[in-house]
Structure formats: C-alpha cells, structure tokens
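# I need the structure of the sequence given here:
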Amino acid sequence: MDPQKIRNILNILFMIGTLIAIIVYFAVDDKKTFIYVCAAAIFVKIMEFFIRFTNR
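You can find the predicted model right below:
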C-alpha cells in the first residue's frame, strides 16, 4: 500500500480519536477513560509521524 494512503488513513483515525476524546472528556465522569482514548489517538499520530519521516 502507498505510504501516502496509510498516512491519510492514520490522520483520519487520529482526528476521529481526538473527537471521541473530547466527547468522552465532557460525557464521562471517569477521567481514566479520557486518558486511554487520548493516548490511543496520540499513538496513532506518532505512527503517522514516523511514516512521514522514514519514507522520504
């Protein structure tokens, strides 16, 4: 698969994860859930970051 397509998919997943994290922050009393969702979104973004700089 093309690295650009993978990066685009990972960026879309990051944006969806960020939106879910914002919703969870305001909707759920337990902040651990927010931290887990936020950490997953950041992990996806870091994966995209490494793909961006290793495929030059």
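
# Can you tell me the closest non-neighbouring residue to G17?
A41 (3.1 Å; CB to CB, 6 or more residues apart in numbering). Backbone N, C-alpha and C define where each C-beta goes, glycine included.

# Hmm, that neighbour is touching F14, no?
Yes: counting by CB atoms under 8 Å, A41 does reach F14; the two are 5.5 Å apart.

# how about low-confidence regions in this protein?
56 (pLDDT under 70).

# make it 90
1-3, 30, 54-56 (pLDDT under 90).

# The residue nearest to G17: how many residues sit nearby?
19 (other CB atoms under 10 Å).

# Same question for V44.
V44, neighbours per other CB under 10 Å, totals 20.

# tell me what the host helix or strand of it is packed against?
Assigned by DSSP states H and E, V44 belongs to helix 31-54. Judged by 3 or more CB pairs under 8 Å, 6 or more residues apart in numbering; DSSP states H and E, helix 31-54 is in contact with helix 3-27.

# Other residues contacting the helix it packs on?
Outside helix 3-27, the residues that touch it by CB atoms under 8 Å, 6 or more residues apart in numbering are 31, 33-34, 37-38, 40-41, 44-45, 47-48, 51-52, 55.
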